[in-house]
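# Need coordinates for the following:
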Amino acid sequence: MMRYPKRSARLPKHNLAFSPKLSGMVSGLEVRRASRAGTLDVPTAGLAPGYVQGNLAILPRDWAEEFLRFCHANPKPCPLLGVSEPGAHKIPSLGADLDIRTDIPRYRVWKDGELAGEPRDLNSVWRNDLVSFVIGCSFSFEEALLQNDVPVRHIERGTNVPMYRTNIATERAGRFHGPLVVSMRPLKPSDAIRSVQITTRLPAVHGAPVHIGFPEQIGIRDIAKPDYGDPVPVEAGELPVFWACGVTPQAAIAAARPPFAITHAPGFMLVTDLKNSQLSLF
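Prediction:
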């Protein structure tokens with residue numbers, strides 16, 4: 001039987017908009033340095049406005065080629081922003097002062113497809129054969145939504161975005177396969193239409209939604225119980241809008257069962273020096 005990653009432990013709520021310490025982090029570098037120092041332990045949604053955030057997957061060299069093919073076969077959930085050389089803990093194209101081992105607030109370590117821990121850094125587990133993949137994140141397109149007066153509820157509430165495993169299968173590549181994972185934002189119908197228009201321009205961070213309304217049609221039994229992140233209410237007159245999510249590789253890792261792998265903890269992203277404005281197609 002396929003084993004999937006366990007639901008993340010519930011995290012304390014953080015109102016990012018009204019935290020002077022966090023709202024003062026206005027660049028990707030500041031967020032990375034706070035993560036490196038161990039002083040940042042909250043989801044990164046809403047931090048460093050304007051800067052591209054990325055999901056992380058790290059695999060041994062002998063698994064990396066198959067995972068690269070998985071990303072190419074599934075560009076909606078796995079739009080690649082950068083790939084490291086084997087053993088390198090830097091990706092210069094994403095940030096000059098960037099260290100993959102320390103610059104995310106919380107990581108996940110996997111052994112044989114099972115979640116083995118959620119460390120704050122990777123210094124004790126790093127290996128010279130590891131290849132890092134940074135994948136576009138929906139937290140980046142949220143800036144464009146907010147700039148167009150489309151509300152983002154989990155940011156308003158200071159919580160992590162809700163994420164769900166679906167019954168939509170990804171395209172298999174070698175040993176990597178599994179269900180599509182989606183993130184959800186509740187929107188009024190007019191805002192849902194605007195969100196499609198806005199995010200279509202941003203394929204490097206998942207692009208347009210993959211589903212709107214009727215969560216049961218994509219295998220979500222209870223919208224109030226996300227598989228990762230925190231629940232947010234869907235109010236009367238609103239539609240749940242679902243985007244492909246960069247947590248999808250974690251389900252693929254659980255299915256492929258590599259002997260060792262590392263990912264970000266859902267909602268805890270790598271904030272780069274790239275600007276969101278660089279990603280728009282038009």
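
# for the helix or strand where Ser35 lies, packing partners?
Ser35 is part of helix 28-37 when elements are defined by DSSP states H and E. Other helices and strands packing on helix 28-37, by 3 or more Cβ pairs under 8 Å, 6 or more residues apart in numbering; DSSP states H and E, are strand 51-60, strand 270-275. All C-beta atoms are positioned from the backbone trio N, CA, C, and that covers glycine.

# Ser140 should be in a helix, yeah?
Yes - judged by DSSP: H, G, I helix; E, B strand; the rest coil, Ser140 forms part of a helix.

# Can you tell me how far it is from His206?
9 Å (Cβ to Cβ, to the nearest Å).

# As a check, name the ranges of all strands in this protein.
51-60, 80-83, 107-111, 114-117, 130-136, 163-169, 179-187, 211-212, 239-244, 261-264, 270-275 (DSSP state E).

# Contacts only, for the nearest residue to Leu130 once chain neighbours are set aside.
Take Leu130 and drop its neighbours on the chain: the residue closest to it by Cβ to Cβ, 6 or more residues apart in numbering is Ile58, 5.2 Å away. Ile58 makes contact with 100, 130-133, 261-263, according to Cβ atoms under 8 Å, 6 or more residues apart in numbering.

# Ile58 pairs with what?
With beta bridges defined as DSSP bridges, Ile58 has these partners: Ser132, Ile262.

# Surely Leu47 and Phe268 touch.
No - taking Cβ atoms under 8 Å as the contact criterion, Leu47 and Phe268 are not neighbours in contact, 10.5 Å apart.

# tell me the pLDDT at Asn15?
Per-residue confidence (pLDDT) for Asn15: 38.

# do Lys275 as well
At Lys275 the predicted local confidence, pLDDT, stands at 92.

# what about it, neighbour count?
Counted with other Cβ atoms under 10 Å, the neighbours of Lys275 add up to 13.

# domains of this structure?
If you go by automatic domain parsing, the domain ranges for the chain are 16-137+258-276, 140-244.

# Please name whichever of these is nearest to Ala251.
Across these, the minimum distance to Ala251, taken as Cβ to Cβ, is reached by domain 140-244, at 4.0 Å.

# Can you get me the start-to-end distance on the closest one?
Its first and final residues considered, domain 140-244 spans 13 Å by Cα to Cα, to the nearest Å.

# same check, this time on stretch 71-87
In stretch 71-87, first residue to last residue: 20 Å (Cα to Cα).

# Pull out the buried positions in that stretch.
By neighbour count, with 16 or more other Cβ atoms under 10 Å as the criterion, the buried positions of stretch 71-87 are 71, 74-79, 81-84.

# Farthest pair within these?
Pairwise distances across the buried residues of stretch 71-87 (Cβ to Cβ) peak at 22.8 Å, for the pair Lys76 and Ser84.

# What separation do you get for the nearest residue to Gly219 once chain neighbours are set aside and Val234?
With Cβ to Cβ, 6+ apart as the measure, Asn167 is the residue that lies nearest to Gly219, at 3.0 Å, once sequence neighbours are left out. Asn167 sits 20 Å away from Val234, taking Cβ to Cβ as the criterion.

# neighbour-wise, which of those two wins?
A direct count of neighbours by other Cβ under 10 Å for Asn167 and Val234 places Val234 higher, at 20 against 11.

# how about that one, what does it touch?
The contact partners of Val234, by Cβ under 8 Å, 6+ apart, come to 186, 223, 240.
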